[in-house]
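Colleague: Give the three-dimensional model of this entry:
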Amino acid sequence: MHIVNGIRDSHSDSVTRAIHYRKAMAYSINRRPLLGGASDSEFEDELETEVDDPNVNIPDEKPFLKHEPRDKYHIAYIIFYLLGINTLIPWSFFVTANDYWMYKFREIHENNTGRHNYTHTENLETKTDLQASFISYLSVSSALPNTLFLILNTFISKKISLTTRMIGSQCIILLLFILTTVLVKVNTDEWQNAFLVITLTTVAVVNMASAIFGGSLMGIVGRFSPRYITAMMGGQAVGGIFTALAEIGSLWIGASPVLSGLLYFIIGDVLLFLSLIAYIILEKAIFFKHHMIEKLPESLNTDFPVDGEVIFSQNYTISYTRIFKKTWHYGFSIFLVFFISLSVYPAVTVLIESQDKGKGYAWNDIYFVPVVTYLIFSTGDYVGRLLAGYFLWPKNKPWQVILLCFIRTIFVPVILFCNAQPRSHLPVYIRDDIYYILITIAFSITNGYLCNIVLILAPMAVEIQEREIASLMMGAFLGIGLAAGSALSLVMVKVL
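Modeller: Got it, this is the predicted structure:
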């Protein structure tokens, strides 16, 4: 596709310049953005064209803005925060509702006291096979489809419009969350296996849609300044904080498993609905449309018609191989970050007990794991992502980023030697709660910092029109790290 990109007059006659300019504008009406200046240097420096993507609707009458519009009232910033929160809400709420799942899959004794009238009691002493295996089933049904669709999203981004991917995926997640919420109040005691199949299928489809949503969102923020990347990444950490607070709150009020599960999923429904509405508002904003315009590369092919007009034609094509060669260092880095973190978190960290557990104190017996493992980790992760937005180091040195990610491997043996119970092989060297809390803080801050550094630097390593694909590739590497780390965590638990 040839698009008129600019006009350069090779003559000094101002009349000829005006004629050439009018010809070019007549030829390009409704096909390219209007230029903002009249000098040759401005024609060269400020050329921009519409995104070759049917999902971004930019009005013909004013498709190009010479000066960047302002993010009035920080609306876009706030929406990116909310969208970041919702990238992890589905997974977080499914995992956090552990007491609810244990109730749903408890052992049932049926005592016939009349025609089709049964009394159900729960065996609290032993776990059923479904209770013991559910978290593993949940991890597999989440990690595999999530990783697969994060990778797939990299290649379908130019075939399926952004609006379809973002709004469609959020609608799917919301509908399935509503289904999950309804099933909370349904008595599934007599068909637990069927309920398990429905739940795992729901989790798989939710993670497919969540991968499309999260991967596409990463592609979007790759076009914006690091401030908005930090907002999206900060939102993800806030999602973890919010979920941890919800769990602690349910423990504090003594909510039953069914009530806590119902509250979790209702809150999830509300957040997902708000996210959907917020994105629709964002997509209509001029600030958003401005950043979804791609600048042309510096190397442009030129054609010289007989009448003397200079017409630039864009033959630039997106090359996945070229983008991969420029960004693989950062892709490998983000893989390492999540591979190392997920190898012990939360599979091993959730097993670490307070040194004074069993002495009758609520902090040690009830709140230690949710506060330290979930709340402190999520808070530290959030702080790390904020620091990356203000303190960007190392900049443009991908090998140093890889080195820092490798150094984080030291946290794996350190956490394994903490007081995780039960254990049969490794000794416990770190028993004091304060030391484990300090380890968790350092572990979480480095996770958030390095993750955000990679997502900020990777788009900078490529041309402007390649940034969306580069960010999508980072999402694919991130998903592979999540899946590989989750698989390794099963081994780590056996090593204890």
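Colleague: Pretty sure Ala209 sits against Ile167.
Modeller: No - with contacts counted by C-beta atoms under 8 Å, Ala209 stays clear of Ile167, the gap being 11.1 Å. Just so you know, the C-beta spots here come from the backbone N, C-alpha and C atoms, and that holds for glycine as well.
Colleague: which non-adjacent residue is nearest Leu196?
Modeller: In this structure, Leu196 finds its nearest non-sequential neighbour in Leu130, 6.2 Å apart by C-beta to C-beta, 6 or more residues apart in numbering.
Colleague: in what helix or strand does the one residue sitting closest to the centre of the chain lie?
Modeller: Most central residue of the chain, judged by C-alpha distance to the mean C-alpha position with C-alpha atoms, centre = their mean, is Gly214 at 4.2 Å. Using DSSP states H and E, Gly214 sits in helix 192-221.
Colleague: Mind checking which of Ala209 and Ile167 has more residues around it?
Modeller: For Ala209 versus Ile167, the count of surrounding residues by other C-beta atoms under 10 Å is larger for Ala209: 24 against 17.
Colleague: In the stretch 1-150 of the chain, where is pLDDT below threshold?
Modeller: Applying pLDDT under 70 to the stretch 1-150 of the chain flags the ranges 1-67, 109-127.
Colleague: nope, the stretch 201-350 of the chain is what I was after
Modeller: Where the stretch 201-350 of the chain drops into low confidence, which here means pLDDT under 70, it does so at 294-316.
Colleague: could you pull out the strands for it?
Modeller: With strands called from DSSP state E, counting those that start in this stretch, the stretch 201-350 of the chain shows them at 294-295, 301-303, 311-313.
Colleague: How many residues are close by Phe213?
Modeller: 27.
Colleague: same check, this time on Tyr361
Modeller: Taking other C-beta under 10 Å as the definition, Tyr361 ends up with a neighbour count of 13.
Colleague: related to what we said a few turns ago, so who does the residue nearest to Leu196 touch?
Modeller: Neighbour list for Leu130: 105, 192-193, 196 [criterion: C-beta atoms under 8 Å, 6 or more residues apart in numbering].
Colleague: Quick one, which of those are buried?
Modeller: Buried subset of the contacts of Leu130 (neighbour count, 16 or more other C-beta atoms under 10 Å): 105, 192, 196.
Colleague: Which member of these is positioned nearest Phe411?
Modeller: For these, the closest approach to Phe411 (C-beta to C-beta) belongs to Phe105, at 32.7 Å.
Colleague: Flag every buried residue along stretch 264-274.
Modeller: Within stretch 264-274, the residues that qualify as buried are 264-265, 267-269, 271-272, counting by 16+ other C-beta under 10 Å.
Colleague: Stretch 152-161 too?
Modeller: Under the neighbour-count criterion of 16+ other C-beta under 10 Å, stretch 152-161 has 152-154, 157, 160-161 buried.
Colleague: among the residues you listed, which are in helices?
Modeller: Secondary structure of the buried residues of stretch 152-161 is defined by DSSP state H; positions in helices are 152-154.
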